[in-house]
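K.L.:
One predicted model, sequence on top.
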Amino acid sequence: MRQTHQHIVRRTVITMTALASLLAGLATAATPSANADSADRPAAPRPSLSPDATPTPTATPTRTQAQVQAQARTGPDGRTRAEARVQAPGRSASGEPPTGSTPGPTTGPTIDTSKIDPSAAVDTDAAADPTTSGAKVFQGEAFDTCVAPPLSTMRAWKASPYRAVGVYIGGRGRACPNQPNLTRDWVQGVTGLGWRLLPLYVGSQSPCVHADRKRPYAIDADGAWQQGVREGRDAVARARGLGMAERSALYLDMEAYDQRDAKCGRTTLSFIRGWNREVRRLDYVPGFYSSAVSGVSHLEGARAAGTRDLPAAMWFARWRVGPNVHGEPVLAPGSWQPHRRIHQYAGNVKQTFGGRTLQIDKNVVDAPVAVVR
């Protein structure tokens, strides 16, 4: 009994000692130290500079004017408008093919991207209205002829149903390189008479082109994309020399070829895409002319497969049928719409108006034309 009492007293003393120690510790913790805030409290949240970061609800950062302007330029997905138009798998923000990639069958051209406005290197949209980007559209009858007629003939042909004319402004494959009437003054003169112009550029031709006379101008299979870029730049330079301003349509003339030849088809498509890219980069509207069952069918297949850098307007030749821009069977109903089609429905036809006779091809147009100021 005595031992038990001593044991209880000893346990009580130990318990009271421990309690006293605990109380002392709590008193010490209640006294703040010089670095208590920095050591024991979480730091106040800081605003993130990353555009993709989720802001902390308690943070109330003050936005700079530059940040406000940046937000105004972004869309609902957080990307800038230029990025939203340009960026896509296999494509850099500048619009150029990534280093080491192939824009079709060949490696893309080396271009100083610092000189490229990324917003100009847009993806092909075969369903957009070209007038929204400043292009001028003509709807009606048109003719094209190998040599631009004299101004007097164009004045006499005001008696015709045509109000637009296709003119061959350049290209090493052009059948009629001698164009004595096609000058800046002529362009101003016919425009003043109320004509609209459809500029055609007959550059290098497909290696499997059907026409023997076009084979000397075959695309270089080892540098098709680069060759297309160079000739696209030449097409724009010639249009500018004639007084055709930015947002003018320029139509690449690619005569009928054997698109069933896979290697030839890849080479041809690479050239066309390089040409389109450069024309578009320089703020002109790239168009394309070919046979409906050849080049047009080829590009429609490329469009359906998701290929980029295709023409903005399609000029298809299908003769001995009625004029119809919307009923071409090789084109999907929604492709190259609206205001992006020309149908050449007759060729090598002689007609006389106002006492002047010309041999022409006949077209019906709902597409962009040259912008002449």
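P.N.:
Thanks, I have it. Residues are numbered from 1 along each chain as shown.
K.L.:
What ranges does this protein have for its helices?
P.N.:
Taking DSSP state H as the criterion, the chain carries its helices at 2-29, 36-40, 65-72, 81-86, 151-156, 184-192, 224-241, 262-281, 297-304.
K.L.:
For the last one, list the C-alpha coordinates in PDB.
P.N.:
Read it as helix 297-304. In PDB, the C-alpha atoms belonging to helix 297-304 read as follows (Å, rounded to 0.1, in the frame of the first residue of the first chain):
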ATOM      1  CA  SER A 297      -9.200  17.500-110.200                       C
ATOM      2  CA  HIS A 298      -5.700  17.100-108.800                       C
ATOM      3  CA  LEU A 299      -6.000  20.200-106.500                       C
ATOM      4  CA  GLU A 300      -9.500  19.200-105.400                       C
ATOM      5  CA  GLY A 301      -8.100  15.900-104.300                       C
ATOM      6  CA  ALA A 302      -5.300  17.700-102.400                       C
ATOM      7  CA  ARG A 303      -7.800  20.000-100.800                       C
ATOM      8  CA  ALA A 304     -10.000  17.100 -99.600                       C
END
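K.L.:
Check the nearest residue to V279 once chain neighbours are set aside and give its pLDDT.
P.N.:
In this structure, V279 finds its nearest non-sequential neighbour in P286, 4.1 Å apart by Cβ to Cβ, 6 or more residues apart in numbering. No exception for glycine: its C-beta is placed from N, CA and C like everyone else's. Listed pLDDT for P286 reads 98.
K.L.:
residues touching P286, list them.
P.N.:
Applying Cβ atoms under 8 Å, 6 or more residues apart in numbering, we find P286 in contact with G232, A249, L250, L252, W275, N276, V279, R280, P311, A312, A313.
K.L.:
Let's have these in a markdown table, adding pLDDT and distance to R266.
P.N.:
Output for those, formatted as a markdown table (pLDDT from 0 to 100; distance: Cβ to Cβ, whole Å):
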| residue | pLDDT | distance to R266 |
| --- | --- | --- |
| G232 | 98 | 19 |
| A249 | 98 | 26 |
| L250 | 98 | 23 |
| L252 | 98 | 17 |
| W275 | 98 | 15 |
| N276 | 98 | 16 |
| V279 | 98 | 21 |
| R280 | 97 | 21 |
| P311 | 98 | 17 |
| A312 | 97 | 22 |
| A313 | 98 | 23 |
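K.L.:
for those, which one is nearest V296?
P.N.:
Proximity of those to V296 (Cβ to Cβ) peaks at P311, which lies at 9.9 Å.
K.L.:
Report the beta-bridge partner residues of the nearest residue to that closest one once chain neighbours are set aside.
P.N.:
Spatial nearest neighbour of P311, excluding adjacent residues (Cβ to Cβ, 6+ apart): F288 at 3.7 Å. Beta bridges link F288 to L252, M314, judged by DSSP bridges.
K.L.:
cool, and F138?
P.N.:
For F138, the beta-bridge partners under DSSP bridges are A367.
K.L.:
Correct me if wrong: it contacts V364.
P.N.:
No - judged on Cβ atoms under 8 Å, F138 makes no contact with V364 at a distance of 10.6 Å.
K.L.:
Which positions within stretch 241-252 qualify as buried?
P.N.:
Neighbour-count burial for stretch 241-252 flags L242, G243, M244, R247, S248, A249, L250, Y251, L252 (criterion: 16 or more other Cβ atoms under 10 Å).
K.L.:
Kindly provide the distance from the closest residue in space to V209 that isn't next to it in sequence to L358.
P.N.:
Using Cβ to Cβ, 6+ apart and skipping the chain neighbours, the partner closest in space to V209 is Y257 (4.7 Å). Distance, Y257 to L358, using Cβ to Cβ, to the nearest Å: 28 Å.
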